[in-house]
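> Just the structure for this:
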Amino acid sequence: MKLLRAIAVAAAIFVLAPPPPASAQISPSAVWSCEFTNSPTDCGLYLEAVASNRATIVSPGRDGPTAVQLTTQPGDINIAGSGSNDRADLVLARSSTYCNQGQDEWWAHSLMFPPGYVPPPVASVWNWGALFDFHNSSPGGGQPNFMVYATPTGLELHMAGGPNTVNLPSDPGYYSIVIGPITKNVWYDFVYHVKWSSGADGLFQAWLNGQQVMNYSGANLYVGQSCYLKIANYHTELGVPVSVVHSRVVMGHTQADVQIGSPPPPTVLVPNVVGQMQAAATSAIISAGLTLGTVTMQSSTTVAPGNVISQSPAAGTSVASGLAVNLVVSSGAPPPAPVPVPNVVGQTQAAATSAITGAGLTVGTVTMQSSTTVPSGNVISESPAAGTSVAKGSAVNLVVSSGPAQVAVPNVVGQTQAAATSAISGAGLTVGTVTMQSSTTVASGNVISESPAAGTKVASGSAVSLVVSSGPAQVAVPNVVGQMQAAATSAITGAGLTVGAVTQQSSSTVASGSVISESPTAGTMVASGSAVSFVVSSGAPPPAPVPVPNVVGGGGGGAFDSFTLAALLSSLIGGLWRARKIRDSVL
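Next up is the predicted model:
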């Protein structure tokens, strides 16, 4: 719950000085009251203070000869859990007669700040003073359920309640209003109307000097707790004496119980208006100085429509001027006997219509509504409900199923499987079959296609199947070692791969143009479209050079033989090499 902060400025306080004491006229109907006639602890109050002299009888009171002054001295700390704060409080013990869940009460009290009162000054820390409060019953701390509160900027009213203990103004369940600057030596006359509750039905209204300053609805007790009254002078340690004067405190069940000093209102006789038309009766009541209260219509076979059947209070009763007179007015003869609404839930619209008209009723508004549980065309609900007694001819409204709600299939193509699943679920659909399929264009894990297609209208809860990319297909590198380059190229491309780098290398064992080796090696699993490089034979290397023999100085025969043999061998080898090249080029 957010912080509720209402700002209201109280009306001007018309009493500019303490009036002379008047004779207190506390109603005999008051449940409890205290005028501090003899002692500060009259009326069952007990003192929480350093010493008994912190509470003294002073005069005059608000409308009597006495009041009580509560005074703190510097260092009046650690009193009944006050910690470092000064306290001099009068406490009314908890009781079943007040401040409990569900009780409705009226309270009145008067408060005055004497000329020597020291208001909480502005400081680096927040200074404050509690003056009158209904304190929560738990010893575990928390703000009081209600208090009149002094701050450096003036007087405020604070409220707290609900399921959580409120400690700070920012906590849920806290409420406050601003009254205005503190004026010394004048009486602040408060009247409260409160219904105690820890729930939303709580009420706290406050009037100051006859002007309403607070109208709060909501929790004003903590859950599981009650509260008790404190007539207080509890404040931040200020280092100086601080005094507050309290005069008569009254609690009752009605506002009249807590009104003080007012004479009883004048009385008048209630006129006899039975049998008159409502307009004439109203005129007679107002002319007698009374007001018209509740008017209840009631059928009658003996009193004409619009005429008064009975009144309350009865004619001739002496009542306070301005009191309300309640009337019961005839609405004429009672209507014909009602008929029960038939139960048509689950029936087809046609069957439901037949049942309704057969019961002497009519079909009213027919509203179509999607449903995953009721077949299309059948009745989901009726109003009034089945079994309700209604006048003959009344309309019965129907809500008829249009079948499951139709939703559009979201476009999830290209999304990751997780994102697609989230989008489908978010649209009120379910993920159906997920099929993995290789793809060279869609990243692994992303959606290739969906079924039904995006934008298709389907029933809520329908399944959307996905085809998800597993990335490019894996293929085995074919064995092309020993094949001619052209055949190797055909085998590689036929396997869905590409030819990478082709390197020439001489070989005396592999025929020229045939593949010596490949990379990756045959049988390796690679992604479709990957490159396979290979090394192709350029044939045997050229013959090694032959050194010319040294024939200088040798014999003619020997020289010829060596030279001739070398020449013949060289010629033979060269011829063989050229013949092989020619053969290879032909092949």
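> Can you pull out the low-pLDDT segments for the stretch 251-400 of the chain?
Residue ranges of the stretch 251-400 of the chain with pLDDT under 70: 260-267.
> would you list every one of the strands in the stretch 151-300 of the chain?
Here the stretch 151-300 of the chain has its strands, by DSSP state E, counting those that start in this stretch, at 154-160, 174-180, 187-195, 203-208, 211-217, 227-235, 242-252, 267-269, 291-298.
> Put together CSV for the ones you listed, with mean neighbour count and distance to Leu398 on each row.
No exception for glycine: its C-beta is placed from N, CA and C like everyone else's. Below are those laid out as CSV (neighbours: other C-beta atoms under 10 Å; distance: least, C-beta to C-beta, whole Å):
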stretch, mean neighbour count, distance to Leu398
strand 154-160, 22, 48
strand 174-180, 21, 46
strand 187-195, 21, 42
strand 203-208, 20, 41
strand 211-217, 17, 38
strand 227-235, 24, 52
strand 242-252, 24, 54
strand 267-269, 14, 55
strand 291-298, 13, 30
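> worst average pLDDT in these?
Across these, strand 267-269 has the smallest mean pLDDT, namely a mean of 80.
> Tell me which stretches of the stretch 301-450 of the chain form helices.
Using DSSP state H, counting those that start in this stretch, the helices assigned to the stretch 301-450 of the chain run over residues 349-358, 417-426.
> follow-up on the earlier one: Gly83: which of the strands of the stretch 151-300 of the chain is closest?
strand 227-235 (10.8 Å; C-beta to C-beta).
> tally of neighbours for Gly224?
Gly224 has 10 neighbours, counted by other C-beta atoms under 10 Å.
> Can you get me a residue count around the nearest residue to it once chain neighbours are set aside?
Using C-beta to C-beta, 6 or more residues apart in numbering and skipping the chain neighbours, the partner closest in space to Gly224 is Ser198 (7.4 Å). Counted with other C-beta under 10 Å, residues neighbouring Ser198 total 22.
> cool, Pro375 as well?
Pro375 is flanked by 10 other residues according to other C-beta under 10 Å.
> Give me the nearest residue to it, chain neighbours excluded.
Ser401 (6.3 Å).
> List the residues that contact that neighbour.
Residues in contact with Ser401 (C-beta atoms under 8 Å, 6 or more residues apart in numbering) are 368-371, 374-380.
> next one: Pro336
With C-beta under 8 Å, 6+ apart, Pro336 has these contacts: 391-392.
> so which of the helices of the stretch 301-450 of the chain gets nearest Trp126?
Minimum separation from Trp126 across the helices of the stretch 301-450 of the chain (C-beta to C-beta) falls at helix 417-426, 48.2 Å.
> The residue nearest to Gly224 against Ser226, yeah?
No. Assessed by C-beta atoms under 8 Å, Ser198 is found out of contact with Ser226, at 9.9 Å.
> intersection of neighbour lists for those two?
Residues within reach of Ser198 and of Ser226 at once, by C-beta under 8 Å, 6+ apart, are Gln101.
> Tell me which of the helices of the stretch 301-450 of the chain sits nearest to Pro452.
The closest of these to Pro452 is helix 417-426. By C-beta to C-beta, the value is 11.1 Å.
> Could you pull up the mean pLDDT of the closest one?
The model assigns helix 417-426 a mean pLDDT of 94.
> Please name every helix or strand in contact with it.
Contact analysis of helix 417-426 by 3 or more C-beta pairs under 8 Å, 6 or more residues apart in numbering; DSSP states H and E lists strand 430-437, strand 447-451, strand 463-469 as its packing neighbours.
> ok so, going back, tell me who's in contact with the residue nearest to Gly224.
Listed by C-beta under 8 Å, 6+ apart, the contact set of Ser198 reads 101, 161-163, 219-225.
> will you turn these into JSON lines that also has distance to Ser444 and pLDDT?
Formatted as JSON lines, these follow (distance: C-beta to C-beta, whole Å; pLDDT from 0 to 100):
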{"residue": "Gln101", "distance to Ser444": "65", "pLDDT": "96"}
{"residue": "Gly161", "distance to Ser444": "60", "pLDDT": "92"}
{"residue": "Gly162", "distance to Ser444": "55", "pLDDT": "91"}
{"residue": "Pro163", "distance to Ser444": "52", "pLDDT": "90"}
{"residue": "Ala219", "distance to Ser444": "58", "pLDDT": "95"}
{"residue": "Asn220", "distance to Ser444": "63", "pLDDT": "94"}
{"residue": "Leu221", "distance to Ser444": "63", "pLDDT": "95"}
{"residue": "Tyr222", "distance to Ser444": "59", "pLDDT": "93"}
{"residue": "Val223", "distance to Ser444": "56", "pLDDT": "93"}
{"residue": "Gly224", "distance to Ser444": "59", "pLDDT": "91"}
{"residue": "Gln225", "distance to Ser444": "62", "pLDDT": "93"}
